[in-house]
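A.B. asks: I would like to see how this sequence folds:
(one chain, ligands or ions: 1)
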Amino acid sequence: MALLIAAPTRDTDELAETLNRLEPGADIRVWPDAGELSEIDFAICWKQPEGLFSRLPGLKAVTSLGAGVDGILKDPDLPRDLPVGRLAGPRLASNMAAYVTAMTTLHWRDFPGFMKDQAARRWNQWAPEHPPVVGLMGMGEMARMTASALEALDTPVHGWNRSGKGPDTVTMHSGDRGLVEMAATVDVLVCLLPLTDQTRGIIHAGLLAAMKPGACLINTGRGEHLVEADLLSALDAGRPGRAILDVFSTEPLPESHPFWQHPRILITPHCASITLTEEAARLALESWRRVQAGKPPLGQVEPDRGY
Ligand SMILES: NC(=O)c1ccc[n+]([C@@H]2O[C@H](COP(=O)([O-])OP(=O)(O)OC[C@H]3O[C@@H](n4cnc5c(N)ncnc54)[C@H](OP(=O)(O)O)[C@@H]3O)[C@@H](O)[C@H]2O)c1
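C.D. replies: This is a model prediction of the structure:
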């Protein structure tokens, strides 16, 4: 029985070291030094090499090295009945909450304006009267922790998901109409959805046009949630007034991309909440043990649903 880490775009040495430290003697392998492939019964994947799954006949389950599973579910070699899990611990969610709260506050208190004032040696004392109303697209683990953090700032929170059910303190919406209604109500609209066939391109010209003038869009879901060309014309029209983007259709964002130079777009390099080695290693070992005991992996997703 061996665990394989197959995440060629990530620095996985520290993860392998941590797994070995936490579980001395465990057979931990890192792609491409995978040894005898038939011995591998569990894999931690992120942008795994093409064709990997068809070369692992003993694989009992796979887990994503993070919260999103879109990169695994879209793999044509993924066996249809292979259980797929994810590593989404409390620290991942609290880091996401910190990012969204910080970016919401940056927009609300207009910190970019203070940076301009400082550059001009201008003393421009002001503060907004009320906190912003925030809308969260998705009400999963990331969004629930984010909602709790925002509520501590006395910020009214709206949420949108499939079921229309969420925490008691959040005003919930569902359905296409519910999403447009929420977008029209809030000062900050945050995408915390998983990428699925239903959510790809969900932030398009129509939704952006429903936003309040000057409102802020924050995308920490996946780049493909946003129709990038639509955002540029929407910013020209003032709805939204600002966009804070952590994820992009092509990553790293190409140097020639117009987003880099746009005065009302703030870019962060897909770091809103990066998988933390210690937390991921502990969760992965727990998930592996569960699979060896015949149980589903941690955070098992429904492939047909896409999350
Ligand atoms: N930028 C970063 O650093 C970073 C870090 C971590 C995660 N992420 C992204 O955040 C995503 C969400 O993570 P999570 O752990 O919160 O996911 P999760 O726990 O699986 O929650 C997903 C939420 O999205 C809702 N949803 C899914 N499809 C929908 C649809 N078609 N219409 C309406 N609502 C829909 C679900 O609705 P129901 O509640 O009704 O099922 C659920 O509330 C990840 O998939 C990943 O893409 C990004």
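A.B. asks: list the contacts of the residue of the stretch 101-250 of the chain found nearest the ligand.
C.D. replies: The nearest approach of the stretch 101-250 of the chain to the ligand comes at residue 140, 1.8 Å away (CB to the nearest ligand atom). No exception for glycine: its C-beta is placed from N, CA and C like everyone else's. Each residue near residue 140 by CB atoms under 8 Å, 6 or more residues apart in numbering is listed here: 161, 192, 194, 307.
A.B. asks: isn't the second one up against residue 135?
C.D. replies: No: at 10.3 Å, residue 192 does not count as touching residue 135 under the criterion of CB atoms under 8 Å.
A.B. asks: if I look at residue 147, how far off is residue 136?
C.D. replies: From residue 147 over to residue 136 the distance is 6 Å, taken as CB to CB, to the nearest Å.
A.B. asks: can you check which residues contact both of the two?
C.D. replies: 157, 159, 170.
A.B. asks: narrow the contacts of residue 140 to those that are buried.
C.D. replies: 161, 192, 194, 307 (16 or more other CB atoms under 10 Å).
A.B. asks: in JSON lines: those residues, plus secondary structure, pLDDT and distance to the ligand.
C.D. replies: Output for the buried ones among the contacts of residue 140, formatted as JSON lines (DSSP: H, G, I helix; E, B strand; the rest coil; pLDDT from 0 to 100; distance: CB to the nearest ligand atom, whole Å):
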{"residue": "161", "secondary structure": "coil", "pLDDT": "98", "distance to the ligand": "3"}
{"residue": "192", "secondary structure": "coil", "pLDDT": "98", "distance to the ligand": "5"}
{"residue": "194", "secondary structure": "coil", "pLDDT": "98", "distance to the ligand": "3"}
{"residue": "307", "secondary structure": "coil", "pLDDT": "97", "distance to the ligand": "4"}
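A.B. asks: tell me which stretches of the protein form helices.
C.D. replies: 13-22, 70-73, 90-108, 111-119, 141-151, 175-185, 205-210, 228-236, 277-292 (DSSP state H).
A.B. asks: tell me which of these is the most buried.
C.D. replies: Neighbour counts (mean count of other CB atoms under 10 Å) averaged over each of these peak at helix 141-151, with a mean of 22.
A.B. asks: any idea of the mean pLDDT for it?
C.D. replies: Averaging pLDDT along helix 141-151 yields 98.
A.B. asks: over to stretch 225-240?
C.D. replies: 98.
A.B. asks: end to end, how far does that stretch reach?
C.D. replies: One end of stretch 225-240 to the other measures 16 Å (CA to CA, to the nearest Å).
A.B. asks: now do it: everything it contacts.
C.D. replies: 189, 191, 193, 195, 199-205, 208-217, 219, 241-243, 245, 247-249, 258-259, 262, 264-265.
A.B. asks: mind listing which of the shared contacts of residue 147 and residue 136 are in strands?
C.D. replies: Members of the shared contacts of residue 147 and residue 136 lying in strands (criterion: DSSP state E): 157, 159.
A.B. asks: looking at the shared contacts of residue 147 and residue 136, which is nearest residue 294?
C.D. replies: For those, the residue nearest residue 294 by CB to CB is residue 159; the value is 35.6 Å.
A.B. asks: tabulate the CA atom coordinates of stretch 183-203 in CSV.
C.D. replies: What follows is stretch 183-203, C-alpha atoms only, in CSV (Å, rounded to 0.1, in the frame of the first residue of the first chain):
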residue,chain,number,x,y,z
ALA,A,183,-26.3,40.9,-7.1
ALA,A,184,-28.6,43.9,-7.3
THR,A,185,-28.8,44.2,-3.5
VAL,A,186,-25.2,43.9,-2.3
ASP,A,187,-22.2,46.3,-2.3
VAL,A,188,-19.7,43.4,-2.6
LEU,A,189,-20.4,40.3,-4.6
VAL,A,190,-18.1,37.4,-3.9
CYS,A,191,-17.8,34.2,-5.9
LEU,A,192,-17.0,31.2,-3.7
LEU,A,193,-18.5,28.6,-6.0
PRO,A,194,-17.0,25.3,-7.2
LEU,A,195,-16.4,25.1,-11.0
THR,A,196,-19.0,22.9,-12.6
ASP,A,197,-20.8,22.8,-15.9
GLN,A,198,-23.6,24.8,-14.3
THR,A,199,-21.3,27.5,-12.8
ARG,A,200,-18.8,28.0,-15.7
GLY,A,201,-19.3,31.6,-17.0
ILE,A,202,-21.8,32.4,-14.3
ILE,A,203,-20.4,36.0,-13.9
